[in-house]
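In: sequence first, predicted coordinates after that:
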Amino acid sequence: GGSVLDAENLTIDGSYSGATTDEVGLFLWGGSVAWFENLTITNNQKYGLTMYLSDIGVEGNVTLTGNSRAINVGKGATFNSEANITISGSTDKAISVNQGLLEIWDGTTSITSTTGQILSSWMSNIQIKNLTATGDGSSGHIFSINNSVFSLENLSLSNGGEHGIWIGNSTGEFDNLTSSNNKEAGISAQRSRIRVENSVISGNENDGIKLDQASSLELRSSTISSNEDEGIEVEGGSYIKVRDSTISNNDDKAIQIDEGSVLDVKDSTITGKSGKNAIAGFNKSIMILSEDDGSTVISTTNSDAINLRNSHGEIRDGVTVSATGNSNYPSGIELWGSSIKIDEGATVSGTTDGGSISAMWDSKIQIQHG
């Protein structure tokens, strides 16, 4: 407690045949401070590096190999890095932050060969730049962020056994995120508020992004594509704002909103895969499509471009909605017990068989002069 450690070129090797399951490479606590330049910690049964109510800073090259958990940031502790960090062979998370601060703001971080979650955060503040992590493909989310605040930049995450990133009761932002080839969604958020920009979410075995339980998402300058379910699924009274983005080639609907959720799209391209809706809204949801200094194009083939059921939509000046194809009687817009307001300057087109607009079950269509 209350100690100071300054170390350079330090190696801590836990390869001891009599080590217990509580073996730790370096343990800092009680208001202590440590600074490392070039640090290697290997083969500890519990933690490589752990801290409570203390601060650790690292620079240079940091290698954490074969520790059950590489970095453990406990209550009231801070881990600050401007190092090039390499983590491999962890069996109980690579990084865990519990009521602490994790700040990896310079250098790079590479994490491989880790079982289960790569990073777990609970009631913490995490800031990370320049991190690449590959999951084991069979267990856990790559990132699990719960009751936390976060800022994550230049991340590449892949091969998660569940979601690429799971977020609960948290607030934060992603800039330049790639989340791909995960067993479930690229990002899944509940009761959270997030911003995603300059990012690519693709090749996941479920939705690209899933929002639930009154979450909100602002998506900017990003691409959501080639996911095996919806590109984006929004439910539980959640809200999504899409700006300057492209959503296409997902195996189910490009965007689906449900359970009183709201979709606000501007200056974006939403394209459904052949036979799938570009946008579908259900159960008292609201869709607003507009454009500002770009263009908003909603289209698909062999299906209705927009399908609203017991929901409301607005298509504003300059927006183009179109459906083409020779099967499934595609319409530009299909309404079931829903309402649509189409402003002057918008364009809606369908097919000879499906029509530009198909409405039934007490639906309401309001078309402004134009």
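Out: Structure's in. What do you need? Numbering: from 1, shown residues only.

In: low pLDDT regions in this protein?
Out: 370 (pLDDT under 70).

In: 90 instead, please
Out: 1, 17-18, 115-117, 138-140, 369-370 (pLDDT under 90).

In: so what's the most centrally placed residue in it bridging to?
Out: The chain has Ile187 as the residue nearest its centroid, 3.0 Å off, counting by CA atoms, centre = their mean. Ile187 forms beta bridges with Ile165, Ile209, as assigned by DSSP bridges.

In: show me what contacts it?
Out: When contacts are counted by CB atoms under 8 Å, 6 or more residues apart in numbering, Ile187 touches His163, Gly164, Ile165, Ile167, Phe174, Ser179, Ile194, Val196, Ile201, Gly208, Ile209, Lys210. Glycine gets a C-beta too; all of them are placed from N, C-alpha and C.

In: now Gly325
Out: Taking CB under 8 Å, 6+ apart as the test, what Gly325 contacts is Ser274, Thr301, Asn302, Ser303, Thr351.

In: let's go with 10 Å and repeat that
Out: Each residue near Gly325 by CB atoms under 10 Å, 6 or more residues apart in numbering is listed here: Ser274, Gly275, Thr300, Thr301, Asn302, Ser303, Gly350, Thr351, Asp353, Gly354.

In: out of the contacts of Ile187, who's nearest Gly294?
Out: Comparing the contacts of Ile187 against Gly294 with CB to CB places Val196 closest, at 18.1 Å.

In: which strand or helix spans the residue lying closest to the closest one once chain neighbours are set aside?
Out: Nearest residue to Val196, sequence neighbours excluded (CB to CB, 6 or more residues apart in numbering): Phe174, at 4.7 Å. Assigned by DSSP states H and E, Phe174 belongs to strand 171-180.

In: so what strands line up beside that strand?
Out: strand 149-158 (parallel), strand 193-197 (parallel), strand 200-202 (parallel).

In: in the chain, which spans are helices?
Out: For the chain, no helices are identified by DSSP state H.

In: picking up where we left off before, between the contacts of Gly325, which has the most around it?
Out: Neighbour counts for those, by other CB atoms under 10 Å, peak at Thr300, which reaches 29 neighbours.

In: what sits closest to that one if chain neighbours are left out?
Out: Gly272 (3.1 Å).

In: what's the burial count for that neighbour?
Out: The number of residues near Gly272, taken as other CB under 10 Å, comes to 31.

In: these two touch, right, it and Ala323?
Out: Yes. Look at Gly272 against Ala323 with CB atoms under 10 Å: they come within range, at 8.7 Å.

In: what do those two both touch?
Out: Common neighbours of Gly272 and Ala323 (CB under 10 Å, 6+ apart) are Ala278, Ile298, Ser299, Thr300, Thr301, Asn302, Ser303, Asp304, Ala305, Ile306, Pro330.

In: and the gap between the residue nearest to the centre of the chain and Thr246?
Out: Ile187 sits 17 Å away from Thr246, taking CB to CB, to the nearest Å as the criterion.

In: and Ser156, by the same measure?
Out: On the measure of CB to CB, Ser156 and Thr246 end up 19 Å apart.

In: equivalent analysis for Ala323, please.
Out: 19 Å.

In: about what we covered before: show me what the residue nearest to Val196 bridges to in the sheet.
Out: Beta-bridge partners, per DSSP bridges, of Phe174: Leu152, Val196.

In: tell me the contacts of it?
Out: Per CB under 10 Å, 6+ apart, neighbours of Phe174: 150-155, 165, 187, 194-199, 201, 219, 222.

In: give the burial count for the closest residue to Gly31 other than its chain neighbours, as a bare number.
Out: Computed as CB to CB, 6+ apart, the closest residue to Gly31 that is not its neighbour in sequence is Gly2, at 5.0 Å. Neighbourhood size, Gly2 [other CB under 10 Å]: 9.
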